[in-house]
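1. Test case, fold it:
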Amino acid sequence: MKANYDVLIIGAGLSGIGMACHLAEACPGKRIGILERRHAIGGTWALFRYPGIRSDSDMFSFGYKFRPWHELKVLADGPSIRRYIADTAREYGVDPVSTMQAPDSPAIARITPAPCPPTTPASASA
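-> Here you go, the predicted structure:
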């Protein structure tokens, strides 16, 4: 099945979800694809989950201007940031994970790229 998109966003992290939200508001008739290799949105905050991970930037500056940070923690931890990104995606209707469960719903879709072919270490060919 081929899918045609007006806009393709690479990555469902903080910036990718932010861009999708802006486009959903500004261009409601456009088909937007979000290309995400992982099975979760959140980018860095979904990838790195070690104990104590947190932002070194205050969330009032780091967060979305269109959806201000209202938590008490100014230097938020990873799980709080992941939740903020996911809640924003759901609120703006650009959550690629939930869209995959309802294929006839909005114009936002998560596209999973084909896996990269295995590589041969340089030392194995020498």
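
2. quick one, strands of the protein?
-> Secondary structure of the chain (DSSP state E): strands at 7-10, 32-35, 108-111.

3. what's in contact with the first one?
-> With Cβ atoms under 8 Å, 6 or more residues apart in numbering as the test, strand 7-10 has contacts from 16, 19-20, 23, 27, 30-35, 111. (C-beta placed from N, C-alpha, C; glycine too.)

4. looking at the strands of the chain, which one has the lowest mean pLDDT?
-> Ranked by mean pLDDT, the strands of the chain bottom out at strand 108-111, which scores a mean of 50.

5. Over to stretch 35-55 now: how far is its first residue from its last?
-> 24 Å (Cα to Cα, to the nearest Å).

6. In that stretch, which residues are buried?
-> 35-36, 41-43, 45-46, 55 (16 or more other Cβ atoms under 10 Å).

7. How about stretch 62-74?
-> For stretch 62-74, by 16+ other Cβ under 10 Å, it's 62-64, 69.

8. any idea how far it is from the chain center?
-> Distance, stretch centre to chain centre, for stretch 62-74: 17 Å (Cα atoms, centre = their mean, to the nearest Å).
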